[in-house]
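>>> After the sequence you'll find the predicted model.
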Amino acid sequence: MQRKDKVEGEGSYSGSKDYNERTRKFVDSGKVADAARKAQPKSDQEKHAMQKAERIGKAKSKGEDPALRDPTKIPDDPNFPRKK
């Protein structure tokens, strides 16, 4: 029996799929370098504010996932399969 309210349980598979698809299209568009350039701080004050926000965010972090150091330990994402 299919639900009419489209509840997907833990997380949103359709939302994740849409995000991944739009992200892939953006990366493939070749606009990443331009967007990164535009995102750079415009002044020293803005630079310091960004660095402070980063420090605050990292202070709450439990650290980097050790599996990220070894990509073979990360399961394949069906939306972004590994290139072999």
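That came in fine, so what should we check first?

>>> Quick one: mean pLDDT over the helix or strand encompassing residue 56.
Using DSSP states H and E, residue 56 sits in helix 44-59. Summarised as a single mean, pLDDT over helix 44-59 is 93.

>>> and if you look at stretch 64-74?
If you average the pLDDT over stretch 64-74, you get 72.

>>> From residue 65, how far out is residue 31?
Between residue 31 and residue 65 the computed distance is 29 Å (Cβ to Cβ, to the nearest Å). Any C-beta I mention is one placed from the backbone N, CA and C, and that applies to glycine too.

>>> of those two, who's got more company?
residue 31 (12 against 9; other Cβ atoms under 10 Å).

>>> hey, where'd the helices end up in the chain?
For the chain, the helices defined by DSSP state H occupy 13-28, 32-39, 44-59.

>>> which one of those lies closest to residue 69?
Nearest of the helices of the chain to residue 69, taken as Cβ to Cβ: helix 44-59 at 17.5 Å.

>>> Run through who's touching the closest one.
By Cβ atoms under 8 Å, 6 or more residues apart in numbering, the residues outside helix 44-59 that reach it are residue 41.

>>> coming back round to it: between the helix holding residue 56 and helix 32-39, how many degrees?
Between the axis of helix 44-59 and that of helix 32-39 there is an angle of 110 degrees, by axes from the mean of the first three to the mean of the last three Cα atoms, to 10 degrees.
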